[in-house]
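1. dropping the sequence and predicted coords here.
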Amino acid sequence: MLFDSHCHLNSDQFDEHDVLEMIHTARDQDVVQILVPGYDLASSQRAVELADSWQGLYAAVGIHPNDAAQATEEAYEQLREWAKLPQVVAIGEIGLDYHWETTPKEVQFEVFRRQIRLAKEVNLPIIIHDREAHGDIVQILREEGAQEVGGIMHCFSGSWEMAKECMNMNFLISFGGPVTFKNAKRPQEVASKVPLDYLLVETDAPYLTPEPYRGKRNQPLYVRHVAGKIAELRGMEFAEICKITSDNAERIFRVRNPFVSL
């Protein structure tokens with residue numbers, strides 16, 4: 001069985017019918033657990049609602065760096081309240097994004113730091129969004145003592161040296177569709193080296209669709225192609241990667257597969 005550790009079923013690109021169909025299609029192919037991360041208040045609320053409605057779905061709540069303008073005191077209090085719910089298993093996705101330049105870096109830094117502190121307060125792991133901000137991400141995680149709660153480096157795009165720094169701070173390394181791309185030498189190198197107990201797979205649906213569906217809308221079922229590529233890179237059986245990455249996701253999110261009897 002597989003665990004999609006990062007999937008935006010709360011995206012506006014999916015209507016109610018899409019969500020229902022994708023969950024059933026995924027489960028028919030043994031993708032049975034899904035983490036739905038928030039990126040603003042509305043999407044965080046939707047993640048909470050989805051996770052409350054479906055066994056095997058879990059929510060993360062947080063404010064993405066591109067939505068940092070939402071980070072009022074009332075917003076932080078709302079995140080704190082959601083974090084008390086049993087279906088909320090992480091704070092995220094949070095971090096830094098230097099690609100779009102929609103939010104000043106100083107604002108991103110403050111919102112990132114505040115949410116790390118919140119994660120430590122509520123004792124939940126952190127899901128990190130890092131786009132073209134590798135050095136500052138590592139520095140802030142270190143300065144804020146993020147190793148106390150650890151978390152996930154979502155859709156990792158950094159170097160092997162960065163991966164080692166993140167793992168030293170109790171962060172797992174997650175790979176999505178880009179690891180299947182022909183020219184993705186760095187993600188493939190890192191995916192082949194990460195110790196197995198630090199390895200996760202994800203889709204980031206509806207984005208970053210893996211081969212052979214690149215260019216189409218992503219969905220949780222396609223996490224099978226990510227796991228398959230990592231199995232190929234490491235010379236391992238597909239079933240081994242499925243079990244290892246699912247066990248790792250259950251460990252970091254502190255959940256148990258509801259479809260497996262004790």
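-> It's in. Numbering: from 1, shown residues only.
2. C-alpha only now, for contacts and for neighbours.
-> Will do.
3. centre of the chain to stretch 7-27, how far?
-> If you compare the mean C-alpha spot of stretch 7-27 with that of the full chain, they lie 16 Å apart, counting by Cα atoms, centre = their mean, to the nearest Å.
4. what's the end-to-end length of it?
-> End-to-end distance of stretch 7-27 (Cα to Cα, to the nearest Å): 14 Å.
5. which other residues reach it?
-> With contacts defined as Cα atoms under 8 Å, 6 or more residues apart in numbering, stretch 7-27 is touched by 32, 34-38, 43, 46-47, 50, 202-206, 219-221.
6. can you do 7 Å?
-> Stretch 7-27 has contacts (Cα atoms under 7 Å, 6 or more residues apart in numbering) with 32, 34-37, 43, 46-47, 202-206, 219-221.
7. where neighbours are concerned, which of the residues you listed has the most?
-> Highest neighbour count within these, by other Cα atoms under 10 Å: P37, with 35 neighbours.
8. and it, what is it in contact with?
-> Residues in contact with P37 (Cα under 7 Å, 6+ apart) are H6, C7, H8, S44, A47, A59, A60, V61, G92, E93.
9. what about the closest residue to F109 other than its chain neighbours, helix or strand, and which?
-> Sequence neighbours aside, L96 is the residue nearest to F109 in space, at 7.4 Å (criterion: Cα to Cα, 6 or more residues apart in numbering). Secondary structure assigned from DSSP states H and E places L96 in strand 88-97.
10. cool, and V32?
-> strand 31-37.
11. run the chain-centre distance for that strand.
-> Here strand 31-37 is found 10 Å from its chain centre; the criterion is Cα atoms, centre = their mean.
12. adjacent strands (with direction) for it?
-> strand 2-4 (parallel), strand 57-61 (parallel) (DSSP bridges).
13. angle of whichever helix or strand comes after it against strand 88-97?
-> Sequence-wise, the next helix or strand downstream of strand 31-37 (DSSP H and E) is helix 41-53. Following axes from the mean of the first three to the mean of the last three Cα atoms, to 10 degrees, one obtains 150 degrees for the angle between helix 41-53 and strand 88-97.
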